Each structure stands twice: as C-alpha cells, then as structure tokens.
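1. next input, structure requested:
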Amino acid sequence: MAGTIDSANTVFTTPSPYTAGTLAVYLNGQLQMHHAGNPWTETDPSTGTATLSFAPQPGDTVAAFYLDTTPTLPETEVCELEGSIEDVDGIAGELIVSDDLAGYVDDVEALEGELSDVFLTGTIEDVESLEGELAICDS
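-> Numbering: from 1, shown residues only. I've put the predicted structure just below:
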C-alpha cells in the first residue's frame, strides 16, 4: 500500500481499485482484523483507499491483499475472418468476433472463457469441451 509512514498519516492506497469486502490489511506482517472497533476502514474501494485508525510509525510496513476490480484477461479480437480456425487444442481467455465470420471454427477440444459473436454466417463444429459462455447474438 502506498502512503507516508510518519506517525501521522492514516490514509493508504492500493495500486489499483479493489472489490469492496476483499481488502486485508497487514501491519509488520500481522493481519489487522476488520471487525467492530476496526483498526481500519475501506474508505473508497473504487480509488483503492483505506483509512487506518492508527498512524504507523517510521520503520513499520503496511501491506494489503485484495481482489482487483480491473483484472485483465487475454483477448483476441477478430474484426473480419475469411476462412477458418482449425484444430484448436486450448484457448484461455476471451475470443470475440465483432463483425462477420464468413467461415467456420472447427475441431475445438477445449475452449475456456467466452466466445462472443455479433454476426455469424458459418458453423462451429466438433466442440468436445466448452467452458464459460457461448453467446451468439445474430445467426
């Protein structure tokens, strides 16, 4: 967590926004319990801010673990595909076909994540394992 450790500052910030209720604050490696009479509060998860009820002393270490609200996933965007995608053994992340697919996706053994398609003029064949979400808006 970022913040001045000077016996006066009580406001600290995570490098990125966190999901409310997932923040865990540590002082010198010790978990600071978050309960009635809390030693800290989630000030603003959208900015990554937390306020301690005490000011750490010079030499103290303040750390946090949290669920980031802005995770990044691998993404492949295809605006227009003329042809085919064949023999895919594993795709992790998100495959988005945003405009046209004039062809086919063939022999997919494992597709994890999301396959989104706005306009599909073809076929998806021989899918052995599909995890996640398959969304076809128009076909």
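2. from here on, just use CA atoms for contacts and neighbour counts.
-> Fine.
3. next, count neighbours for the spatially closest residue to residue 66 that is not a sequence neighbour.
-> Excluding the flanking residues, the one nearest residue 66 by CA to CA, 6 or more residues apart in numbering is residue 23, at 4.4 Å. The burial count assigned to residue 23 is 20, neighbours taken as other CA atoms under 10 Å.
4. hang on, residue 23 packs against residue 68?
-> No: judged on CA atoms under 8 Å, residue 23 makes no contact with residue 68 at a distance of 9.5 Å.
5. now for the residue nearest to residue 46 when sequence neighbours are not counted: which residues touch it?
-> Closest residue to residue 46 apart from its sequence neighbours, by CA to CA, 6+ apart: residue 17 at 4.9 Å. By CA atoms under 8 Å, 6 or more residues apart in numbering, residue 17 lies in contact with 45, 46, 47, 48, 68, 69, 70.
6. just residue 19 next, same as before
-> Contact partners of residue 19, counting by CA under 8 Å, 6+ apart, are 45, 46, 66, 67, 68, 69.
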